[in-house]
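**Student:** Quick one, structure for this:
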Amino acid sequence: MSRIELIATATFGLEAIVAQEVKELGYENVAVENGKVTFIADEKAICRANLWLRTADRVRLKVGEFKAVTFDELFEKTKALPWADLLPKDAEFPVDGKSVQSTLFSISDSQAIVKKAIVESMKKRYRTDWFEEKGPLYPVEVSLLKDVATLTIDTSGAGLHKRGYRAVGSEAPLKETLAAALIMIARWKPEIPLIDPCCGSGTIPIEAALIGQNIAPGMDRTFVSEQWPNILREHWRNARKETHDRVDYDRELDISGTDIDDQLINKARKNAAEAGVDHLIHFQGRPLSELSSKKKYGKVICNPPYGERLSELNEVEKLYKQMGKVFKMLDTWSFYILTAHEKFESVFGKKASKRRKLYHGNIKVQYYQYFGPRPPKR
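**Tutor:** Okay, the predicted model is just below:
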C-alpha cells in the first residue's frame, strides 16, 4: 500500500471543514464531493487521519470505482479488483451496502454479489476454496450512487465521533464531530474566552479544550485497522507518538459551560474528566438569564433546545427571546447558535451576520453566526 486513495466521510455541510483538516495534515490532491473528501496518501495516513481528524465521520480505503447497471457487471468488476493485495487469507470481511438512485437498488443482493466476487478474486491468490474469516476485521462497503459503484474498506471501526470520553450523555447529545466543527466554523482560538450557556453534557466545551491544547481526538481510542498486518506496527507507534509530541499542555484556556439542569452539569464534569480536560473547563449550574462575563471580548457557542415537539415550542421560543436580551449585554462578544427553529432570527430579535445549513443527525439545522467587533491587536 505505497500510494492509496482515502475517503474521509463527512456530514453534509462539513465537507469543506474536513478538507481543510486533511490539508493541514499535509496531504494533497484533495477533492471535495457531497458527503466525502478524497485524498491521495500512503498507508501512514490511515493512522494519522484516524487519530487527528476532528470533524470527519470515518476514514475509508478506496479499493475501486466503476459503473455497474447489472449484477453481472458488479460481480465481474468487483472480482477484477486487487483484493488479495489488501485482505490476508484469514481476513474477516463482512460486506455492508447502500444504494441511491441506482438501477441496482437491492442492497442485500448487491452485498451478496460483492462478497462472492471478493471470494472468487482471492481464490486465485490463496489457492483455496474456503476462507474461515477468523482473522483481523476488514469491513467492506459497496456504495451505489447513480449507477456508480464505489468499493471501500473501513479503517476506523467505530465512528470517529466516538472519542471515548462520553460514557454518559444528555437526551439528544450533539455529536463530537459536529461540536468540533461548530468551534472551527466560529474561528475560535485558544486565547479567546468561550462560553456555552446551554452546555448539556459538555460536548462543545470539551471539544474546545481538546482543540485548545491540540489534543488529538483519537488519542485515547483504538481503530479497526490497528490489527491489519499490512500496516506496519511502527506506523501506528510513530503516529501515536506524534499525538503526544504535539500536545500543548501548558496552554491556558478560558472555557465555561453552564446549564440550568444540575444533573447535566454533573454529567458534563464526568465526561470532561474522562477526556482529561476537566481542569480546563469551568462548569456551573446556572440559568441562561444569568449569563455574564467580566471579559470584554469572547465567543458564545451553543446548541440550545430546538422545540421539535409542539408542546415544547412555546418554552423554546421564550428561551430564544431571553437569549436575545441577555446576549445584548455582551455587546462586544460574538455569538454562534445551532438550531432547527425556522424563525429563530425573528424570535431572537436580530438577523444573523451569516448562517450555514448543517445537519444534526437527520435534522436540518442552521448555524446562526453573529459577529462582534474585532478585539484590538495586541
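**Student:** what's Thr9 in contact with, if anything?
**Tutor:** 35-36, 56-60 (Cβ atoms under 8 Å, 6 or more residues apart in numbering). For every residue, glycine as well, the C-beta is placed using N, CA and C.
**Student:** Isn't Thr152 up against Val140?
**Tutor:** Yes - using Cβ atoms under 8 Å, Thr152 is in contact with Val140, at 7.3 Å.
**Student:** so how far is stretch 252-265 from its chain's centroid?
**Tutor:** 22 Å (Cα atoms, centre = their mean, to the nearest Å).
**Student:** got the contact list for that stretch?
**Tutor:** Residues contacting stretch 252-265 (Cβ under 8 Å, 6+ apart): 170, 190, 192-202, 204-205, 208-209, 212-213, 268, 280-288, 291, 295, 298.
**Student:** ChimeraX command to pick out the buried ones of these?
**Tutor:** Here is the ChimeraX command that selects only those of the contacts of stretch 252-265 that count as buried (16 or more other Cβ atoms under 10 Å):
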select :170,190,192,193,194,195,196,197,198,199,200,201,202,204,205,208,209,212,213,268,280,281,283,286,288,291,298
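**Student:** Among the contacts of stretch 252-265, which are located in strands?
**Tutor:** 194-196, 281-285 (DSSP state E).
**Student:** Would you mark the buried spots in stretch 94-110?
**Tutor:** 95, 97, 99, 102, 104, 110.
**Student:** Tell me who's in contact with the residue nearest to Lys134 when sequence neighbours are not counted.
**Tutor:** Counting by Cβ to Cβ, 6 or more residues apart in numbering, Lys134 lies nearest to Asp90, which is 5.6 Å off, once chain neighbours are set aside. Residues near Asp90 by Cβ under 8 Å, 6+ apart: 131-136.
**Student:** sorry, back to before: pull up the overlap in contacts between Thr152 and Val140.
**Tutor:** Between them, Thr152 and Val140 share the contacting residues Val63, judged by Cβ under 8 Å, 6+ apart.
**Student:** Asp147 - how many residues pack around it?
**Tutor:** For Asp147, the neighbour count with other Cβ atoms under 10 Å is 16.
**Student:** Likewise for Asn34?
**Tutor:** Neighbour count of Asn34, defined by other Cβ under 10 Å: 9.
**Student:** can you tell me how far it sits from Gly13?
**Tutor:** 10 Å (Cβ to Cβ, to the nearest Å).
**Student:** same thing with Val148?
**Tutor:** 23 Å.
**Student:** and what of Pro94?
**Tutor:** Distance from Pro94 to Gly13, by Cβ to Cβ: 30 Å.
**Student:** can you list the weak-confidence ranges in the stretch 101-250 of the chain?
**Tutor:** 168-172 (pLDDT under 70).
**Student:** which residues in it form helices?
**Tutor:** 107-126, 176-185, 203-212, 233-245 (DSSP state H, counting those that start in this stretch).
**Student:** Of these, flag the one that's most buried.
**Tutor:** helix 203-212 (a mean of 27; mean count of other Cβ atoms under 10 Å).
**Student:** Strand 281-285 and that one, what's the angle between them?
**Tutor:** Angle, helix 203-212 to strand 281-285, by axes from the mean of the first three to the mean of the last three Cα atoms, to 10 degrees: 170 degrees.
**Student:** And the contacts of helix 203-212?
**Tutor:** Looking at what lies outside helix 203-212 - Cβ under 8 Å, 6+ apart - the contacts are 54, 163, 165-166, 173-176, 179-180, 182-184, 188, 190, 194, 196, 199, 215, 217, 251, 253, 255-257, 268, 271-272, 275, 277, 280-281, 283, 301-303.
**Student:** and the contacts of Asp90 as JSON lines, adding distance to Asp261 and neighbour count?
**Tutor:** Below are the contacts of Asp90 laid out as JSON lines (distance: Cβ to Cβ, whole Å; neighbours: other Cβ atoms under 10 Å):
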{"residue": "Phe131", "distance to Asp261": "52", "neighbour count": "19"}
{"residue": "Glu132", "distance to Asp261": "51", "neighbour count": "10"}
{"residue": "Glu133", "distance to Asp261": "47", "neighbour count": "15"}
{"residue": "Lys134", "distance to Asp261": "47", "neighbour count": "8"}
{"residue": "Gly135", "distance to Asp261": "47", "neighbour count": "17"}
{"residue": "Pro136", "distance to Asp261": "43", "neighbour count": "18"}
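**Student:** where's the nearest residue in space to Asp278 that is not next to it in sequence, which helix or strand?
**Tutor:** Leaving aside its sequence neighbours, Asp278 sits nearest to Ala272 (Cβ to Cβ, 6+ apart; 4.0 Å). Taking DSSP states H and E as the definition, Ala272 sits inside helix 262-275.
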